[in-house]
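In: attaching a predicted model along with its sequence, questions to come.
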Amino acid sequence: MDLVLRNASLPDGRLHMDIALENGRIAAVGARLPLRGAREIDAGGDLVTPPFVDAHFHMDATLSYGLPRVNASGTLLEGIALWGELKPGLTQDALVERAMQYCDWAVARGLLAIRSHVDICDDRLLAVEALLEVRRRVAPYLDLQLVAFPQDGILRSATAFDNLKRAIGMGVDVVGGIPHFERTMSEGAASVRLLCEYAAEQGLRVDMHCDESDDPLSRHIETLAFEAQRLGMQGRVAGSHLTSMHSMDNYYVSKLLPLIREAGVAAIANPLINITLQGRHDTYPRRRGMTRVPELIAAGVDVAFGHDCVMDPWYSLGSGDMLEVAHMGLHVAQMTGQDAMHQCFLAVTEVPARILGLEGYGIAPGCHADLVLLDAASTVEAIRLRAARRMVIRRGVVVSEAPSARATLNLAGRPASTGFRLGR
């Protein structure tokens, strides 16, 4: 064997497990495997998980905070306006440089798969070319899936649909949309229909920014679910944000949730950004803004958490840490039961991997040898501590290592205690 991890805890609760890696794949998983590896690593009972997956990000804008100016109001609409101001001055080299820096951050944090939306409303398709180059460069250590995203509206922008088709022809993977940003509700619905029909014809997945609004009457998720079912696209469609659901009438939602489930449409919430940008017109009580995560999960809908933004016109913070995303999602959704907290961990690992259609993801023989060793004993503890990534492995190769977060206590009147880990 190339490498054997010993004495690992797994996300499903199994303890004292060994994981043998060979030729970039997982060869065996079991207790006290009688195999020997060229390198052996003692996990010491810590959690070994498949890598983190970000189902919703904007890599073309990342690390552009302050260009050309700061978002003074901190609102979604000013962020969109700022992006419009920034686009004419973008250069491919700068886009690639910022995206590559972010990918380095991501890998160090065990984030090895990202679905990034890329704006296609610039007729130059500069950002598309840049992120295709980034995807090529990072392929050995990170899966980057690109969504053709018409930031200005597919019908509102005269050249957007042609640009989207050009972007797909260049190699972009997924069809995006933003129906709530079209001029009218009816045009929003028409945009969903147009884009879903195009994706179905091309055999592509769909991921739409959908109802990113506090308006309870923004109901494009209903149209998205209907079109997914009509076109036989179950399992290939996701609605991102869905924040209007937070403000919807409960009776209407009771009808909507089964429709989403029957259509096989996934939901992607973005806790850090949803809680920051929504409810801006409220005084008090102020709405949380994030979609109905526990209710969607209870209805049988796949729900993932995305980071959405890091240091860009919409959000001045962030570091590529999906445990921070899960931590915020847990609090905003009030998912504090043990099973619910574990669901929040799955929302940044297994569930987004399923939404992205990642091949060979997981901890089982035959899966890719992509693993993260965390400085925590369980999924819940990992979220609580935003645990250090002791080791990140990609295709069987260790690509990042960091020491355990350990502290030595020397309290007055008590003997010194060494090797004590905070939170254990």
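Out: Great, that's in hand. From a predicted model like this one, the values you see are computed outputs, not experimental measurements. Numbers count the residues shown, from 1 in each chain.
In: rest of the way, CA atoms for contacts and neighbours
Out: Noted.
In: nearest residue to the middle of this structure?
Out: Centroid-nearest residue in the chain: D54, 2.2 Å away (criterion: Cα atoms, centre = their mean).
In: packing partners for the helix or strand hosting that residue?
Out: Here D54, judged by DSSP states H and E, is contained in strand 52-57. Packing contacts for strand 52-57, counted by 3 or more Cα pairs under 8 Å, 6 or more residues apart in numbering; DSSP states H and E, involve strand 111-119, strand 303-305, helix 322-332, helix 350-356.
In: looking at the ones you listed, which is buried most?
Out: The highest average neighbour count among those, using mean count of other Cα atoms under 10 Å, belongs to strand 303-305 at a mean of 30.
In: quick one: the helices in the stretch 1-150 of the chain?
Out: For the stretch 1-150 of the chain, applying DSSP state H, counting those that start in this stretch gives helices covering 76-86, 92-108, 126-138.
In: dump these into TSV; add mean neighbour count as well.
Out: Shown next, in TSV, are the helices of the stretch 1-150 of the chain (neighbours: other Cα atoms under 10 Å):
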stretch	mean neighbour count
helix 76-86	17
helix 92-108	18
helix 126-138	19
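In: between these, which gets the lowest average pLDDT?
Out: With a mean of 89, helix 76-86 has the lowest mean pLDDT of the helices of the stretch 1-150 of the chain.
In: how far off centre is that one?
Out: Offset of helix 76-86 from its chain centre (Cα atoms, centre = their mean, to the nearest Å): 22 Å.
In: what's next to it, contact-wise?
Out: Outside helix 76-86, the residues that touch it by Cα atoms under 8 Å, 6 or more residues apart in numbering are A61, L67, P68, R69, N71, L277, P313, W314.
In: one more pass at 6 Å, please.
Out: Applying Cα atoms under 6 Å, 6 or more residues apart in numbering, the external contacts of helix 76-86 come out as P68, L277, P313, W314.
In: wait, what's in contact with R287?
Out: Each residue near R287 by Cα under 6 Å, 6+ apart is listed here: G279.
In: how would you label it: helix, strand or coil?
Out: Here R287 is recorded as coil under DSSP: H, G, I helix; E, B strand; the rest coil.
In: for S400, give me phi and psi.
Out: Here is the backbone geometry of S400 (degrees, to the nearest 10): phi -160, psi 140.
In: I'd say it and R394 touch.
Out: No - applying Cα atoms under 6 Å, one finds S400 not in contact with R394, separated by 9.2 Å.
In: neighbours around the residue nearest to I154 when sequence neighbours are not counted, how many?
Out: The shortest distance from I154 to any non-neighbouring residue, by Cα to Cα, 6 or more residues apart in numbering, is to A160 (5.1 Å). Counted with other Cα atoms under 10 Å, the neighbours of A160 add up to 23.
In: so A160 sits against D152, correct?
Out: No - look at A160 against D152 with Cα under 6 Å: they stay out of range, at 8.0 Å.
In: any regions of this protein where pLDDT drops low?
Out: 406-424 (pLDDT under 70).
In: wait, the residue nearest to the centre of the chain sits on L112?
Out: No - counting by Cα under 6 Å, D54 sits too far from L112 to count as a contact (8.5 Å).
In: quick one on the thing from earlier: just the buried residues of the contacts of helix 76-86.
Out: Among the contacts of helix 76-86, the ones that count as buried by 16 or more other Cα atoms under 10 Å are L277, P313, W314.
In: distance of the spatially closest residue to the second one that is not a sequence neighbour from V70?
Out: Nearest non-adjacent residue to P313, counting by Cα to Cα, 6+ apart: G79, 4.9 Å away. Between G79 and V70 the computed distance is 9 Å (Cα to Cα, to the nearest Å).
In: for A304, same thing?
Out: Taking Cα to Cα, one finds A304 at 29 Å from V70.
In: nearest residue to D173 other than its sequence neighbours?
Out: When the adjacent residues along the chain are set aside, D173 lies closest to L146, with 5.3 Å between them (Cα to Cα, 6+ apart).
In: now swap in A326 and tell me
Out: Using Cα to Cα, 6+ apart, the nearest residue to A326 is C344, at 5.5 Å.
In: and what of Y361?
Out: In space, and not counting its chain neighbours, Y361 is closest to C367: 5.7 Å by Cα to Cα, 6+ apart.
In: equivalent analysis for D308, please.
Out: Closest to D308 by Cα to Cα, 6+ apart is F57, at 4.0 Å.
In: ok, that neighbour - contacts?
Out: Going by Cα under 6 Å, 6+ apart, F57 touches S116, H307, D308.
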